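# return a 3D structure for these sequence lines:
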Amino acid sequence: MLSEKIALIIGASRGIGAGIARELAAQDAHVILAARTLDEADGPRFGPNGPKIPGSLNKQVFAIRSAGGKASAHPVDLLDHYSIKQLIDCVSRDHGKVDLLVNCAMGFPGRYSGSILDHHDSHWNAMMEVGVRGKYLAIHEVAKIMVPQKVGLIVNISAGASKINYYHPLFRMAMAAVDRLTEATAFDLKDTGVSCLSIWPRWVRTEWMLMANDNSDLGIEVSETDLGESDSPEFTGRAIAHLAADPKVKARSGEIIPVVALAHEYGFDDLDGTRPPMDEFTQDWSGRLKQLRAITTR
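Okay, the predicted model is just below:
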């Protein structure tokens, strides 16, 4: 679906971002994977003293190329505006364009549970500086490339926590900010040919989710039910591939959409051939988000 497309995925060393990169490459896009962790040895830990979380840019690029895909890696520090600018400029210079930006990076705070009574400065840096400011600056820089092209798609990975009270309050705040960033970007770029959307994955079988399921001492509760109802990281990539291939995607700019709703709309399945049902959450929030969109764009 994405032949000749240049796709930049920020936050692609592991987790959802890595799955998105693998799937976009499988759809024949040339993917540029960006993140902080170039080599596995430099990866973060699960909490300050916990085990290392597997995944790196080099590992993902090797996997994509081994499967016949086109991929390259570019380390980036999302706390450094100049590093982000260098990344965007490098992709544009090397490939002549940027068709798709996927903003997936979110700093890992060690735990997602907690309340307003539970705070550490690392939580703020992970969620707000990396997860929000980093996305904002990436959009700021890539818009300078996409607007002259008169075409481009920006997809922000968000979550239902932007509207619903689960996980740490900073995670909720960050997701709400990301969705608002999507709406603001869509409004500001509405006449340029550049589109911006947020999508909400549900439970995804990321490395940290699998680790938490294996070891309850890590501080995140992941049950067998959660694992059984989870999706592969590539499933989110399939949603983005269909959006990027949709000639009418400009009309959707500013939307916030659950990934499962996109699966039923476009008719794609997960890697195992199954498609999650349109459960009560997806149906309810798909409708609410459309209503909010209608109100705010009057």
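# only C-alpha atoms from now on, for both contacts and neighbour counts.
Fine.
# which stretches of the stretch 1-150 of the chain form strands?
6-10, 30-35, 70-75, 100-103 (DSSP state E, counting those that start in this stretch).
# need those in a markdown table with mean pLDDT, mean neighbour count and distance to I64, can you?
Listed next are the strands of the stretch 1-150 of the chain as a markdown table, based on pLDDT from 0 to 100; neighbours: other CA atoms under 10 Å; distance: least, CA to CA, whole Å:
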| stretch | mean pLDDT | mean neighbour count | distance to I64 |
| --- | --- | --- | --- |
| strand 6-10 | 98 | 27 | 14 |
| strand 30-35 | 98 | 25 | 9 |
| strand 70-75 | 97 | 21 | 7 |
| strand 100-103 | 98 | 26 | 17 |
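# reformat those strands as a markdown table; add distance to A239.
Output for the strands of the stretch 1-150 of the chain, formatted as a markdown table (distance: least, CA to CA, whole Å):
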| stretch | distance to A239 |
| --- | --- |
| strand 6-10 | 14 |
| strand 30-35 | 16 |
| strand 70-75 | 20 |
| strand 100-103 | 12 |
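# isn't A105 right up against M128?
No: with contact defined as CA atoms under 8 Å, A105 does not reach M128; the gap is 11.1 Å.
# which residues touch V91?
8, 32, 97-98 (CA atoms under 8 Å, 6 or more residues apart in numbering).
# for the residues you listed, which one is nearest L79?
L8 (18.0 Å; CA to CA).
# show me what that closest one bridges to in the sheet.
I32, L101 (DSSP bridges).
# of the contacts of V91, closest to R202?
Once CA to CA is applied, the member of the contacts of V91 that ends up nearest R202 is L8, at 22.3 Å.
# hang on, the earlier thing: and E23, which of the strands of the stretch 1-150 of the chain is closest to it?
strand 30-35 (9.7 Å).
# how about the lengthiest helix in the chain: buried residues?
In the chain, ranked by residue count with DSSP state H as the criterion, the top helix is helix 169-188. Residues of helix 169-188 classed as buried: 169-183, 185-186 (neighbour count, 16 or more other CA atoms under 10 Å).
# any idea how far K190 lies from K144?
Going from K190 to K144 by CA to CA, to the nearest Å gives 14 Å.
# which parts of the stretch 101-250 of the chain are helices?
For the stretch 101-250 of the chain, the helices defined by DSSP state H, counting those that start in this stretch cover 121-124, 134-149, 169-188, 207-214, 224-228, 233-245.
# could you tell me the angle between the second one and strand 6-10?
Counting by axes from the mean of the first three to the mean of the last three CA atoms, to 10 degrees, helix 134-149 points 170 degrees away from the direction of strand 6-10.
# neighbours of the nearest residue to L218 once chain neighbours are set aside, how many?
Spatial nearest neighbour of L218, chain neighbours left out: A212 (6.0 Å); criterion: CA to CA, 6 or more residues apart in numbering. A212: 18 surrounding residues under other CA atoms under 10 Å.
# heads up, I number from 4, so please use that
Fine by me, first position is 4 from now on; the one you just mentioned is A215.
# these two touch, right, A215 and L230?
No: if you go by CA under 8 Å, A215 and L230 don't touch, sitting 10.3 Å apart.
# quick revisit: which of the helices of the stretch 104-253 of the chain sits closest to N159?
Per CA to CA, nearest to N159 of those: helix 172-191, 7.1 Å.
# how distant is that closest one from the center of its chain?
Centroid displacement of helix 172-191 relative to its chain, using CA atoms, centre = their mean, to the nearest Å, is 13 Å.
# same question for stretch 272-285.
Distance, centroid of stretch 272-285 to centroid of chain: 19 Å (CA atoms, centre = their mean).
# stretch 171-188 now?
On CA atoms, centre = their mean, the centre of stretch 171-188 falls 13 Å from the chain's centre.
# got the contact list for it?
Outside stretch 171-188, the residues that reach it (CA under 8 Å, 6+ apart) are 115-119, 126-127, 130-131, 134-135, 138-139, 159, 161-169, 199-201, 256-259.
# where does the stretch 54-203 of the chain have low pLDDT?
111-116 (pLDDT under 70).
# got the buried residues for stretch 145-160?
So stretch 145-160, judged by 16+ other CA under 10 Å, has buried residues 145-146, 148-149, 152, 154-160.
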